[in-house]
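> return a 3D structure for these sequence lines:
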Amino acid sequence: MELRDIEIFLTLAEELHFGRTAERLHLSQARVSQSIRQQERRLGGALFDRNTRSVALTLLGQHLREDLLPGYELIRAAVDRAAEAARGCCGTVRLGAMGALPSEMAWLIEVYRERYPECAVEFVEFHFSDPFVKLRTREVDVQLMWSPVKQEGVTCGPVVLTEGRVLAVADDSPLAKRRTVSMEDLAGQTVLDPGERVPPDWFEAMCPDRTPSGRAIHRGPQAQTFHEVLALVADGRIVCPLNGHVPRYYTYPGVTLVPIDDAPLTEWALVLPATAPPPHVQALIDTARDLGRRSVSDHTNTCETAAR
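Predicted structure coming up:
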């Protein structure tokens with residue numbers, strides 16, 4: 001089986017759609033179909049169950065994917081490292097981040113560029129509602145994510161930022177009149193349902209389903225983007241814990257942000273695929289470890305009025 005055929009098979013096993021697979025690999029759909037048929041003839045069995053409505057892995061296809069993926073990742077990483085070594089430490093790190101967080105990373109990026117003049121950083125936005133898709137598809141090399149991250153196939157690098165938290169509530173909520181709130185004040189409230197693409201343990205680190213004493217916090221409507229979350233808050237349908245930097249960057253009509261005085265600190269870590277990173281990405285990780293973590297100046301003392 002040629003390396004390109006392995007890539008086609010693994011991509012189709014992830015996308016489960018011939019058109020998207022062809023688009024992602026810059027191939028024709030006919031080329032993808034031909035490759036899969038050739039592999040199935042060579043192996044003597046079907047790798048996918050397909051009809052006009054859906055594509056699904058067969059049991060044979062599932063086993064082949066599990067056996068091929070680790071080796072394929074090692075080959076890709078080795079080729080990337082060889083290419084980087086041939087050029088020296090140069091290249092652009094595609095760094096995934098949510099919302100306004102790139103501006104909080106300026107201190108790290110500045111030092112990285114000073115140390116490695118042939119390297120650059122390009123920020124790519126991702127949304128909390130599908131937090132790992134761009135890491136899986138390699139649209140980004142590394143992501144800035146709150147911890148803990150326990151997703152299979154990724155590894156958690158150094159923590160680079162820490163900050164407190166605020167609670168987003170509607171202006172007419174009784175909580176909006178408070179100087180601070182506690183995690184216990186979430187008892188009986190309705191918070192966001194993140195959807196099925198979000199690992200529960202990762203989301204619950206930010207937005208738990210129970211208070212510290214064990215009282216229930218209800219899950220409500222779903223949202224795909226941060227601004228959809230703010231719209232739900234303004235409408236009084238949910239309250240939502242957010243990070244302390246939010247008042248500096250965002251105002252939204254009908255929303256008040258109140259400091260949470262007993263919330264655990266959010267730790268933002270650099271998260272990357274579990275395979276060995278290429279040299280220019282490793283150089284960013286090493287720079288972050290050398291500099292250590294920094295506390296975000298979140299201005300939570302002014303956030304009661306900042307979002308009104």
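> ok, residue 245 - contacts?
100, 101, 104, 163, 296, 298 (Cβ atoms under 8 Å, 6 or more residues apart in numbering). Yep, even glycine has a C-beta here, placed from its N, CA and C like the rest.
> of those, just the buried ones, PyMOL syntax please.
The buried residues among the contacts of residue 245 can be selected in PyMOL (16 or more other Cβ atoms under 10 Å) with this line:
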select buried, resi 101+104+163+296+298
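> going by distance to residue 9, which of the contacts of residue 245 wins?
residue 101 (35.8 Å; Cβ to Cβ).
> that closest one reaches residue 144, doesn't it?
Yes: using Cβ atoms under 8 Å, residue 101 is in contact with residue 144, at 5.8 Å.
> reformat the contacts of residue 245 as a markdown table; add secondary structure.
A markdown table is the format used below for those (DSSP: H, G, I helix; E, B strand; the rest coil):
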| residue | secondary structure |
| --- | --- |
| 100 | coil |
| 101 | helix |
| 104 | helix |
| 163 | strand |
| 296 | coil |
| 298 | coil |
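> and which of the contacts of residue 245 is nearest to residue 58?
residue 101 (41.6 Å).
> pull out the buried positions in stretch 268-284.
In stretch 268-284, counting by 16+ other Cβ under 10 Å, buried: 268-273, 275, 277-284.
> biggest separation within the residues you listed, which pair?
268 and 279 (23.7 Å).
> how about the helices in the stretch 151-300 of the chain?
Assigned by DSSP state H, counting those that start in this stretch, the stretch 151-300 of the chain shows helices spanning 200-204, 226-234, 246-249, 279-291.
> may I see those helices organised as a markdown table, with distance to residue 190 added?
Putting these into a markdown table (distance: least, Cβ to Cβ, whole Å) gives the following:
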| stretch | distance to residue 190 |
| --- | --- |
| helix 200-204 | 15 |
| helix 226-234 | 9 |
| helix 246-249 | 19 |
| helix 279-291 | 37 |
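> out of these, nearest to residue 123?
Nearest to residue 123 among the helices of the stretch 151-300 of the chain is helix 279-291 (12.5 Å), distances taken as Cβ to Cβ.
> name the helices or strands packed onto the closest one?
helix 59-87, strand 91-97, helix 106-115, strand 119-125, strand 142-146, strand 154-163, strand 266-273 (3 or more Cβ pairs under 8 Å, 6 or more residues apart in numbering; DSSP states H and E).
> which outside residues touch stretch 260-271?
Contact with stretch 260-271 is made by 101, 135, 142-147, 149, 154-167, 180-183, 206, 212, 241, 243-244, 284-285, 288, 293, as judged by Cβ under 8 Å, 6+ apart.
> ok, of the contacts of residue 245, which one's closest to residue 69?
residue 101 (30.4 Å).
> any idea of the pLDDT on that closest one?
At residue 101, the model reports a pLDDT of 95.
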